[in-house]
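A.B. asks: Let me see the structure of the following:
(2 chains)
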2 protein chains.
Amino acid sequence: MEKALAGVRVLDLTRVLAGPYASMILGDLGADIVKIENTQGGDDSRSFGPFVNGESVYFISLNRNKKSLSLNLKSEEGKAIFLQLVKEADIVLENFRPGTMEKLGLGYEELEKVNPGLVYAATSGFGHTGPYSQKAAYDLIVQGMGGIMSLTGEPEGPPTRVGASVGDITSGLFTTIGILAALNKRKETGLGQKVDVSMLDCQVAILENAIARYAVSGSSPKPTGNRHPSITPFSVFKATDGYVVVAAGNDTLWQKWCYTVGREDLAQDPRFKTNGNRTDNWDALEPLMSEVMSQKGVEDWLTILEEAGIPASPINDVAKVVEHPQVVARDMIVHQEHPVAGSIMMPGIPIKLSKNPGSIDTPAPTLGEHNEAILKGLGYTEEDLIRLEEAGVIVGNAVLNK
Amino acid sequence: MEKALAGVRVLDLTRVLAGPYASMILGDLGADIVKIENTQGGDDSRSFGPFVNGESVYFISLNRNKKSLSLNLKSEEGKAIFLQLVKEADIVLENFRPGTMEKLGLGYEELEKVNPGLVYAATSGFGHTGPYSQKAAYDLIVQGMGGIMSLTGEPEGPPTRVGASVGDITSGLFTTIGILAALNKRKETGLGQKVDVSMLDCQVAILENAIARYAVSGSSPKPTGNRHPSITPFSVFKATDGYVVVAAGNDTLWQKWCYTVGREDLAQDPRFKTNGNRTDNWDALEPLMSEVMSQKGVEDWLTILEEAGIPASPINDVAKVVEHPQVVARDMIVHQEHPVAGSIMMPGIPIKLSKNPGSIDTPAPTLGEHNEAILKGLGYTEEDLIRLEEAGVIVGNAVLNK
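C.D. replies: Presented below is the predicted three-dimensional model:
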């Protein structure tokens, strides 16, 4: 069955993570992704480790299902080629610093003249408006500036970075949503529009109830370690040989826990009767629960709690995650063959569509791998390609290796 | 200008966070959201603190732009009303434990018969397939099981929960993308489909390069504290009066940092020449940089580093985030008037569309606030409504207060 976004043509100027994450999702769902890379080595992340046979596995795992066209957008002929592609495109996606495309003469206002139906999506550190717009940002910068680090870590400990790049990734996700919403509207109006998503904005958007808690209390929420700020018990406990998450998120589950572990007395304790009581009296409850949980191993606890119907889990490292039976059953770990790097393990597609499912079909491209196919599609000849490569408009092995 | 998703009708059966986050985004972008709540108090999160004038600010901040219909789906008449609404709906969204809708006789296969164009989106802890499908999950469970906690925290420290509910939120984001991709396809085929998104799958999807690093090294990545695992220096340093993020993500920025802080000697040091050198020799570099950064205050450093063009930021708490000039300039903090709770501060809309922007128009509904409007739209009379309320099919104040 044809994929959900089959026929959607994306010109993808993005580099590193936020933008490539968005185009990866679009490509997984069937969009045609032409990754347009600079002629000075292409996407910066091609030089990010780890490497296998000289190829960046970082790059490989984010750029599956994409074609690569190397194109010098600073050259007149490079611009002309780009504009030809824009005429036939549905989406242009970029994550340059705001103003970069305008300096090239390729800002949305110019591209809109060439193709009024174009959806132009930009994801950037701070967005295309506002006083910080022109500043550079990276994941760690927006994690620090946007508040999530102030909520992560041990109580009284230092602010802590989230161990995945949620600054980039959430921006990639919101950008994808913006693109698809704009495409939806275009089917009615025929008109595209600009989608402007900022990494910092996305960090604010994912703070959700921390903003409500601040608004009501007037003081900034602090890191709560592994404890949920308002649901109790919802925490991590040390077992004899590791950690166990216990999420007894309501009064019934709390009672169950007490009876299951043989502490019926706690079930009757008025300090712990309601979720509000337990949250208020966590300082008293935590050592009591920790004492109980410290007496058995992780596997024992998981068996006991599961039998009792109390949500619990181990803390898995990546080795355990990739072998987790549910993760495997849902095809969330994929091994894709790359012509140089060999078989590469990467995350699968978390959006499961019943009739038009996504799929992972082609490995990440080498720089300029699809120069020939794309440019011949625009009417360029073999001789043109050689001339373009000699003039520095394109680079890549597609032509020179012939 | 009409919003991007104007005219898209969503029947939203979701509770708490993952699902309501998805329907909030759809509503912000203009979809018509009918939140269908149970008659036993509605969405569980109506009872989650903090509260203002007895209203949950947690609930209020996630349920703007939605209407509420209280409906007992276990009653025959409740089901009949729901099926009438399904006929006219574009999307049904639910985050029940898998099988719940089937037990009610309202699973996708039944609903598809009533409306073949329906997009049926389910977000759940573990998804609708696989051996864990029937288990309960919460954010903390999938954070623990999905690997992100094993990457977050101090090196050698305990695994650490991300301070925002990324298990729920990323699931809400991927679900929204799946819905919009399915709507896109429907415009061609006329057919809807089922979108099945699991919180655990989404945690795997956001691990991105941690999986590549594991695949290449054969050992699970460990928490790296505030340091980027492969880009150096990209870390947090203690200044005299707080913390500063320094993100000198390439060799040029590294050289700039050395000259700016008066440590030209480090710029020449072969241990620190390339990003690879710096990453390999972080144990030697970290104390040298920390020593330098410990000598001035946060504001001084931000001024100095900004002048030099080196990306840097403070670690903001929520109080600073909500007043940050860029956050304010981008309308990312919204104060919305709620009839009972008063003015409530909440995150704005991070997807900025140039022609059909989203907006926040109506406050979170009281339980059953729109019973009357919705049911009269289906042809029910005032008398019918009173009868339905007496029969326990609906609850709410809309009728009884008359």
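
A.B. asks: Give me the distance between stretch A:152-163 and the centre of its chain.
C.D. replies: 21 Å (Cα atoms, centre = their mean, to the nearest Å).

A.B. asks: ah, wrong one, I meant stretch A:64-81
C.D. replies: The answer for stretch A:64-81 is 25 Å, by Cα atoms, centre = their mean.

A.B. asks: ends of that stretch, how far apart?
C.D. replies: Using Cα to Cα, to the nearest Å, one end of stretch A:64-81 lies 24 Å from the other.

A.B. asks: Report the mean per-residue pLDDT for that stretch.
C.D. replies: Stretch A:64-81 carries an average pLDDT of 98.

A.B. asks: Report the buried residues of that stretch.
C.D. replies: Using 16 or more other Cβ atoms under 10 Å in any protein chain shown as the test for burial, stretch A:64-81 gives A:64-73, A:75, A:77-79, A:81. All C-beta spots, glycine's among them, are computed from the backbone N, C-alpha and C.

A.B. asks: Repeat that for stretch A:388-396.
C.D. replies: By 16+ other Cβ under 10 Å, the buried positions in stretch A:388-396 come out as A:388-389, A:393-396.

A.B. asks: shaky segments in chain A?
C.D. replies: Residues of chain A meeting the criterion pLDDT under 70: A:397-402.

A.B. asks: from the buried residues of stretch A:388-396, which is closest to chain B?
C.D. replies: Taking Cβ to the nearest Cβ as the measure, chain B sits nearest to residue A:395 out of those, at 20.5 Å.

A.B. asks: about what we covered before: out of the buried residues of stretch A:388-396, name the ones that lie in strands.
C.D. replies: Among these, none falls in strands (DSSP state E).

A.B. asks: can I get those residues in a markdown table with distance to residue B:306?
C.D. replies: Below are the buried residues of stretch A:388-396 laid out as a markdown table (distance: Cβ to Cβ, whole Å):
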| residue | distance to residue B:306 |
| --- | --- |
| A:388 | 40 |
| A:389 | 40 |
| A:393 | 36 |
| A:394 | 37 |
| A:395 | 35 |
| A:396 | 38 |
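
A.B. asks: could you pick out which of those are near chain B?
C.D. replies: Among the buried residues of stretch A:388-396, none lies close to chain B by the criterion of Cβ under 8 Å from any Cβ of the partner chain.

A.B. asks: Now intersect those with the helices, please.
C.D. replies: Here DSSP state H is the test, and those give A:388-389 as lying in helices.

A.B. asks: sec struct for the nearest residue to residue A:12 once chain neighbours are set aside, please.
C.D. replies: Leaving out its chain neighbours, the residue that sits closest to residue A:12 by Cβ to Cβ, 6 or more residues apart in numbering or on different chains is residue A:23, at 4.3 Å. Per DSSP: H, G, I helix; E, B strand; the rest coil, the secondary structure class of residue A:23 is helix.

A.B. asks: sorry, back to before: and of the buried residues of stretch A:64-81, the nearest to residue A:311?
C.D. replies: Set against residue A:311, the nearest of the buried residues of stretch A:64-81 by Cβ to Cβ is residue A:64 (33.7 Å).

A.B. asks: To which secondary structure element type does that closest one belong?
C.D. replies: coil.

A.B. asks: what do you get for residue A:235?
C.D. replies: strand.

A.B. asks: could you check the distance from it over to residue A:368?
C.D. replies: Between residue A:235 and residue A:368 the computed distance is 52 Å (Cβ to Cβ, to the nearest Å).

A.B. asks: likewise residue A:360?
C.D. replies: For residue A:360, the distance to residue A:368 (Cβ to Cβ) stands at 22 Å.

A.B. asks: same question, residue A:352
C.D. replies: Going from residue A:352 to residue A:368 by Cβ to Cβ gives 34 Å.

A.B. asks: Domain-wise, how is chain A divided?
C.D. replies: Chain A breaks down by automatic domain parsing into domains covering A:9-206+A:329-400, A:234-316.
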